[in-house]
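**Q** I'd like to go over a predicted model; first the sequence, then the structure.
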Amino acid sequence: MIKARITVTLKNGVLDPQGKAIEHALDALGFDGVGSVRQGKVFDLQLEGTDKVKAEAQITAMCEKLLANTVIENYAVEIG
Amino acid sequence: MRAAVVLLPGLNRDRDMIAALTKVSGKPPVTVWETDQKIPDVDLIVIPGGFSYGDYLRCGAIAARMPVMRAVKEKAAKGVMVMGVCNGFQILLEAGLLPGALMRNQSLKFVCREVKLEVANANTAFTRNYQPGQIIRCPVAHHDGNYFADAETLKQLEGEGQVVFRYAEGTNPNGSVNDIAGVISSSGNVLGLMPHPENLIEAAHGGADGRALFESVLGKAA
């Protein structure tokens, strides 16, 4: 069994109104000095088999085809 | 002129769209379901609004990968006219049939109100019954209508007249870049827009500013 974590984040230059709202909320709670907040998504996957090279190729395809919208998002893959 | 309406779980504007197409063309459209791999021989395919698949992952993301959308892509490649409204627009973007993306409204609020639209390009199959630059009324109802495209894509869209509708008179409800409300493919046969022209086609709706869009695309004279 291979475990993988995929992190999807907004690309630089893409406005993130939700991140901004969270930033304001942190400020309202008294957390000073938060320069910026960007919101993203995390996917935890369990894949059958033990071939990590194959798994990485498969996960990259999953990100490109579904998990990330590459018009606005970047993705990073960690295989455990 | 025959039309098809795509039905997907979670869409909720399909009845309004079917009613508009029926009233303007005089005959009801055929309907196709998410798992259909073939679409009948039609001239126009419409994807209505709603919340397909609960808007899970991203609005339109799951719908765009369903078998019926492969069939829509094949038809679009053959020149069949395709129109996506609201969630339908989001689905067309996720399917790669139109450039750009729709993000959460800048206000973070769902907006349900009337806006003003400028017909930025009246030289399309969908807008030929409007005057260039005409300002029309149209309702919007969405949470993720904030149109985004990178600088290069925007330059192309603006340069090639692919921006078909723009929010006018300061009514941009969602923060869309360049007030973009609707875009068309470079091939000219795929249109996506956030506002709901199907909800303003007769006096009982309080106006008929959306009707010319249906008359244009259904081949009716102005």
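**A** Arrived safely, thanks for sending.
**Q** so the spatially most distant residue from the centre of chain A is in which element?
**A** Here the centre of chain A is the reference, and by CA atoms, centre = their mean the most remote residue is residue A:30, at 26.9 Å. Of the helices and strands defined by DSSP states H and E, none includes residue A:30.
**Q** ok, now how distant is it from chain B?
**A** With distances taken as CB to the nearest CB, to the nearest Å, residue A:30 is found 22 Å from chain B. In short, each C-beta sits where N, CA and C put it, glycine included.
**Q** which element follows the helix or strand of chain A with the lowest mean pLDDT toward the C-terminus?
**A** Using mean pLDDT, DSSP states H and E, helix A:17-28 stands out as the lowest-scoring helix or strand of chain A, at a mean of 92. Note on helix A:17-28: by DSSP H and E, the next helix or strand toward the C-terminus is strand A:40-47.
**Q** give me the number of residues near residue B:124?
**A** 22 (other CB atoms under 10 Å in any protein chain shown).
**Q** Settle this for me: residue B:178 is touching residue B:166, isn't it.
**A** Yes. With contact defined as CB atoms under 8 Å, residue B:178 reaches residue B:166; the gap is 7.1 Å.
**Q** more neighbours, the two?
**A** Using other CB under 10 Å, the more surrounded residue of residue B:178 and residue B:166 is residue B:166, with 20 against 15.
**Q** and the least confident helix or strand of chain A, how far out from the chain's middle?
**A** With CA atoms, centre = their mean, to the nearest Å as the basis, helix A:17-28 stands 19 Å off its chain's centre.
**Q** next one: stretch B:103-119
**A** 14 Å.
**Q** For it, measure first residue to last.
**A** By CA to CA, to the nearest Å, the extent of stretch B:103-119 from end to end equals 23 Å.
**Q** Give me every residue in chain A lying close to chain B.
**A** Counting by CB under 8 Å from any CB of the partner chain, chain A comes close to chain B at A:13-15, A:17-18, A:21, A:65-67, A:69, A:71-72.
**Q** how near is residue B:129 to residue B:214?
**A** 9 Å (CB to CB, to the nearest Å).
**Q** neighbour count winner among those two?
**A** Taking other CB under 10 Å, residue B:129 and residue B:214 do not tie; residue B:214 has more neighbours (24 against 19).
**Q** where does the chain dip in pLDDT?
**A** Answering for chain A, as no chain was given. Applying pLDDT under 70 to chain A picks out no residues at all.
**Q** think we crossed wires, I meant chain B
**A** B:221-222.
**Q** Find the closest residue to chain A in it.
**A** Taking CB to the nearest CB, chain A has its nearest neighbour within chain B at residue B:101, 4.4 Å off.
**Q** and that residue, how many neighbours?
**A** Counted with other CB under 10 Å, residues neighbouring residue B:101 total 24.
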